[in-house]
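Peer 1: Give me coordinates for this.
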Amino acid sequence: MTALPLPVPPPNAWKQPLRQAGYGLLFWLGFLLVLEPGNLIHAARAGFDLTASGEAIRIASASLLGAAISPAVLGLSRRLPVRGRQGLRNGLILAVSLLGIALGLILAGALALGLLAQAPHAAAQTPAGCAQALTDACLSQLLTGLGYEPKPLSKGFLIAKKQDTWTMYMQLVISGNGEKIGINANLGAVDDTAVSAAQWQALLVANGNIDPSAFYYDADQKKLYLHRSLDNRAVTPASLGGQIDNFMDNIRSTAKLWNFTH
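Peer 2: The predicted structure follows:
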């Protein structure tokens, strides 16, 4: 049998997928920029202040991810034309393929967000001798390892975290029996006569949405607090850092509910 020569790709065949990726980048960049005003409005209503650098990174990353799959999507559409006798079959295959690509992008995005969320806490190490339950000394060391500057209080420690226009102060304290760690934030003083029943009710409803955080009112001091409790058992830098981050998110996302404080 005569040996057949191997197929030779046309010159500069690599330019076509590169061009398609470029078109995909422009498409997704424009698409996300059109949606960005709505994202900013929804974030503001929820009490979050998005930073320009964070949004730029998010949009650029999503655009690059969309550009990476553009040649594959265009290639599938050419190989599986939805016309003629095979139109229905090709359409089903194309739909399933695109669904798989979409799910892959969602999983990739979720994985990237998870890694970014854990990155600030990944370098911190659990202090020696603190693997089972934290003492005050262990808690102080762990908070320092997370990048905070814990200031001793009569009970526990005070830490501060600045996020764009917000500066949040939190107390972390170990319970008297050593079984729980509490995180507290003073949301301000309350004038009982100026707060309506509907406003108190809104705080109670919000408790169900931000659990395990919860609002509570100190009648003696006439102050409103946000509190979160976690087990003092096998606490790691990543787990404590995540609890603090979630607690700060609760403070910001509920800001409009407790803006009657002063």
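Peer 1: care to break the chain down by domain?
Peer 2: As given by automatic domain parsing, the domain ranges for the chain are 15-122, 136-257.
Peer 1: least reliable of the ones you listed going by mean pLDDT?
Peer 2: The weakest mean pLDDT among these belongs to domain 15-122, with a mean of 76.
Peer 1: from the chain's centre, how far out does that domain sit?
Peer 2: 18 Å (Cα atoms, centre = their mean, to the nearest Å).
Peer 1: Helices of the protein, start to end?
Peer 2: In the chain, the helices defined using DSSP state H lie at 15-45, 52-79, 87-122, 136-145, 197-210, 237-253.
Peer 1: Tell me what angle the fifth one forms with helix 237-253.
Peer 2: The reference is to helix 197-210. Between helix 197-210 and helix 237-253, the angle comes out at 150 degrees (axes from the mean of the first three to the mean of the last three Cα atoms, to 10 degrees).
Peer 1: where's H262 relative to K222, distance?
Peer 2: Noted for H262: a distance of 11 Å to K222, by Cβ to Cβ, to the nearest Å. (C-beta placed from N, C-alpha, C; glycine too.)
Peer 1: Who is the closest residue to Q171 other than its chain neighbours paired with across the strands?
Peer 2: Of all residues not flanking Q171 in the chain, N184 sits nearest, at 4.4 Å (Cβ to Cβ, 6 or more residues apart in numbering). Judged by DSSP bridges, the bridge partners of N184 are Q171, H227.
Peer 1: Next, the contact list for N184, please.
Peer 2: 170-171, 173, 225-227 (Cβ atoms under 8 Å, 6 or more residues apart in numbering).
Peer 1: Next, format the helices of the chain as a markdown table and append mean neighbour count and distance to D191.
Peer 2: A markdown table is the format used below for these (neighbours: other Cβ atoms under 10 Å; distance: least, Cβ to Cβ, whole Å):
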| stretch | mean neighbour count | distance to D191 |
| --- | --- | --- |
| helix 15-45 | 13 | 26 |
| helix 52-79 | 15 | 36 |
| helix 87-122 | 12 | 38 |
| helix 136-145 | 18 | 34 |
| helix 197-210 | 13 | 12 |
| helix 237-253 | 18 | 21 |
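Peer 1: between these, which one is nearest to T165?
Peer 2: helix 237-253 (10.3 Å; Cβ to Cβ).
Peer 1: sorry, back to before: take the helices of the chain and lay them out in a markdown table including distance to D231.
Peer 2: Converted to a markdown table, the helices of the chain look like this (distance: least, Cβ to Cβ, whole Å):
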| stretch | distance to D231 |
| --- | --- |
| helix 15-45 | 32 |
| helix 52-79 | 32 |
| helix 87-122 | 18 |
| helix 136-145 | 14 |
| helix 197-210 | 18 |
| helix 237-253 | 10 |
